[in-house]
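**Q** please find the sequence and the predicted model below.
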Amino acid sequence: MEDPGSPRVMYFSSDQGDTFSQALLPSASTEQFYSILDGDKDMLFMHVDTPGETFFGTMYTSDDRGILFSKSLERHLFDGQRKSDFTNITSLRGVYLTNKLDIDGRIRSVISFNRGGTWRPLKKPENVNCPGNVKRCNLHIHGEHSRYNNLVPMLALSEPTAIGLVIAHGTVGDSLSLSQHPDVFVSSDGGYNWRGTLKGPHHYSILDSGGLIVAVEAHRDRQVKTIKFSTDEGRCWKSYNFTEQPFFFAGLASEPGTKAMNVSVWGFRPEDDGQPMWVTVTIDFQSLITRECSKKDYEEWLAHSTNKGDSERNGCVLGMKETYRRLKKQSVCRNGRSFVVKKKQSPCPCTREDYLCDYGYFRHVNTSECVRQPNTPNKSFEMCLDGEEDELLTAGYRKVPSDKCEGGFTPQHMVQTIIRPCGVKPTLDPSAVSTSPVEHFDTPKERLVLILVSTGAAVVVLVTIISAFLAVRRGVYRTRMPAYRFSNLRIQEDNGFTADLESATSSNGTACQHDSDVDLIE
């Protein structure tokens, strides 16, 4: 709180707390909250609660400094217990899964394959029929909200060593059903395609770096003695009776890291004196799967591949193609503890899709160009960092955080910077200043700015302003906070599904997509 009783604002530090900068996010009253959903060195996912008992808010994604935030998803579900269904699918880069509370009061699942840039519904599994005559039929995944209300025993599960593999509870229909029994669904490609695999709720675990999945039925009123297992990512399941005396199931435990081949099932049996007797059974699947995998058991797999459109861009997500060595579905063998995920990375040529529209610009729905916002006063904005005021001149584009594309489309003169001490205005005669553009160089370790000043016939070249780039990044806003506005992202997919998070339509029917400048910070 900047003043007693005032709304709260968020500050971030990128230098382990030495300095803090105010994040450009909506302020939150004492009845609201902020929540960091996920983050790394490139960007942050931030949830800002909507006022009132709404059980939803707005999800934002940050720039690489954690200062300028853009809208990613509206009506993001966050219930009264402050539990979010937001899930990082760790088996594939850039994939996130969450639920939103739509205006009609229904909960629907959405997935992003480019770190929150766009969100889309989950495809209906081909082997599952839609109930009744629903207009929209998609897969919806149960999250923390459902687990807290005892609807499912487990959340969506993925592991970095099990490439592309996702296991989750869900229902098929118009929205997430609380009346239907949740079934288990599996995806082998990081969430693009799903298939129904087990009826009813289960406890499940990933073993042998994804080469083995195990599951036990979840029953509160019935004892269990059977474990199910699959060696082909859930396409075919076999059952194994691990005990002759069943017991009430309490948990499934395996060694962290998914490299083990054994799993422990534990629970209790009621005794005559009324006291429970706790039981643990460890099952070693090495006695069932005895063959070590060889080279012929593996194949190369291009992540995010849709086999559509331009082959040069097929599989390109966040400017990078990733090809993995993966176990073939038909191979019944064990990866073993020595298994290491191997992948080949190659950068993709940049396109306009690899860039966001910067401050003062928006992307029209009928073009990929970033267009000037009509009422923006000028092409620059200023901020004060470490006693220096940076005036950034932008051509309207900035690269998406985490994007690694190279070459291809490059905005001309994307960013230029003029540096002067904070609060000091130029005192030189405007006619004495060169009209040539200021040259700006950004290197990982230094910043060099050339300022040309003319006095009569003499030209004095001052090349004296060299400052550490990292020191600038640690700066604190000290004067004149810039009037940033938030970006607003649009969902538009090839399958025809289109939903504007916030769009404007003119009187002639032309729709505009606002990548920026929607909400002023108050």
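**A** The structure has been received and is ready for your questions. Numbers count the residues shown, from 1 in each chain.
**Q** Tyr34 pairs with what?
**A** Taking DSSP bridges as the rule, Tyr34 bridges to Val48.
**Q** next one: it from Lys344, what distance?
**A** As judged by CB to CB, to the nearest Å, Tyr34 and Lys344 stand 39 Å apart. For glycine as for every other residue, the C-beta is placed from the backbone atoms N, C-alpha and C.
**Q** higher neighbour count, these two?
**A** Tyr34 (18 against 11; other CB atoms under 10 Å).
**Q** identify the residues contacting the more buried one.
**A** Neighbouring residues of Tyr34 by CB atoms under 8 Å, 6 or more residues apart in numbering: 8, 10, 25, 28, 46-49.
**Q** how about the residue positioned nearest the centre of the chain, secondary structure?
**A** Residue closest to the average C-alpha location in the chain (CA atoms, centre = their mean): Arg115, at 3.5 Å. At Arg115 the chain is in coil, as set by DSSP: H, G, I helix; E, B strand; the rest coil.
**Q** so how far is Arg352 from Gly408?
**A** Counting by CB to CB - Gly408 and Arg352 are separated by 9 Å.
**Q** same check on Ile111?
**A** 23 Å.
**Q** same check on Gly274?
**A** From Gly274 across to Arg352, the span is 70 Å (CB to CB).
**Q** give me the more crowded residue out of those two.
**A** Ranked by neighbour count (other CB under 10 Å), Gly274 and Arg352 place Arg352 first, with 16 against 6.
**Q** now that one: phi and psi?
**A** phi -60, psi -20 (degrees, to the nearest 10).
**Q** repeat for Phe56
**A** Residue torsions, per degrees, to the nearest 10, at Phe56 are phi -150, psi 170.
**Q** let me see the contact set for it.
**A** By CB under 8 Å, 6+ apart, the contact list for Phe56 reads 50, 75-78, 100-101.
**Q** and those residues, which two are furthest apart?
**A** Thr50 and Lys100 (11.9 Å; CB to CB).
**Q** out of the contacts of Tyr34, flag the one nearest to Cys348.
**A** Distance from Cys348 was checked for each of the contacts of Tyr34 by CB to CB. The minimum falls on Met46, at 27.8 Å.
**Q** and the residue lying closest to the closest one once chain neighbours are set aside, what does it touch?
**A** Excluding the flanking residues, the one nearest Met46 by CB to CB, 6 or more residues apart in numbering is Tyr60, at 4.7 Å. Contact analysis of Tyr60 by CB under 8 Å, 6+ apart lists 25, 45-48, 69-72, 486.
**Q** and Tyr60, that's in a strand?
**A** Yes - assessed with three-state DSSP, Tyr60 lies in a strand.
**Q** helices of the stretch 51-200 of the chain, residue ranges please.
**A** All helices of the stretch 51-200 of the chain, identified by DSSP state H, counting those that start in this stretch, fall at 144-148.
**Q** so where do the strands sit in it?
**A** Ranges of strands in the stretch 51-200 of the chain, per DSSP state E, counting those that start in this stretch, are 56-62, 69-77, 87-88, 96-101, 107-112, 120-121, 138-141, 166-173, 183-187, 195-198.
**Q** pLDDT below threshold where in the stretch 201-350 of the chain?
**A** Filtered on pLDDT under 70, the stretch 201-350 of the chain yields the residue ranges 308-310.
**Q** now do 90
**A** 219-221, 255-258, 270-276, 287-288, 306-313 (pLDDT under 90).
**Q** which stretches of it form helices?
**A** Using DSSP H, counting those that start in this stretch, helices in the stretch 201-350 of the chain do not occur.
**Q** show me where it has strands.
**A** Counting by DSSP E, counting those that start in this stretch, the strands of the stretch 201-350 of the chain are 202-207, 212-217, 226-230, 238-241, 248-254, 262-270, 276-284, 298-302, 320-327, 343-347, 349-350.
**Q** spit out the contact partners of the closest residue to Thr306 other than its chain neighbours.
**A** In this structure, Thr306 finds its nearest non-sequential neighbour in Asn314, 6.5 Å apart by CB to CB, 6+ apart. When the contact criterion is CB under 8 Å, 6+ apart, the partners of Asn314 are 302, 305-308.
**Q** any idea how far Lys228 is from the nearest residue in space to Ile289 that is not next to it in sequence?
**A** Take Ile289 and drop its neighbours on the chain: the residue closest to it by CB to CB, 6+ apart is Arg334, 5.0 Å away. Distance from Arg334 to Lys228, counting by CB to CB: 18 Å.
**Q** more crowded one of those two?
**A** Neighbours around Arg334 and Lys228, counted as other CB under 10 Å, are more numerous at Arg334. The numbers are 24 against 19.
**Q** ok, that one to Leu212 distance?
**A** 7 Å.
**Q** common neighbours of these two, please.
**A** In contact with both Arg334 and Leu212: 261, 285, 289, using CB under 8 Å, 6+ apart.
**Q** returning to that earlier point: distance to Arg120 added to the strands of the stretch 201-350 of the chain, as CSV?
**A** CSV is the format used below for the strands of the stretch 201-350 of the chain (distance: least, CB to CB, whole Å):
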stretch, distance to Arg120
strand 202-207, 25
strand 212-217, 26
strand 226-230, 28
strand 238-241, 34
strand 248-254, 32
strand 262-270, 34
strand 276-284, 39
strand 298-302, 20
strand 320-327, 20
strand 343-347, 25
strand 349-350, 23
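**Q** out of the ones you listed, the one nearest Tyr192 is which?
**A** Going by CB to CB, the one of these nearest Tyr192 is strand 298-302, 12.1 Å.
**Q** tell me the angle the closest one makes with strand 343-347.
**A** Taking axes from the mean of the first three to the mean of the last three CA atoms, to 10 degrees, one finds strand 298-302 and strand 343-347 inclined to each other by 20 degrees.
**Q** for strand 298-302, packing partners?
**A** If contacts are counted by 3 or more CB pairs under 8 Å, 6 or more residues apart in numbering; DSSP states H and E, strand 298-302 sits against strand 320-327.
**Q** residue contacts, Lys259?
**A** Contacts of Lys259 (CB under 8 Å, 6+ apart): 161, 208-209, 335-337, 339.
**Q** alright, that wraps it up for me.
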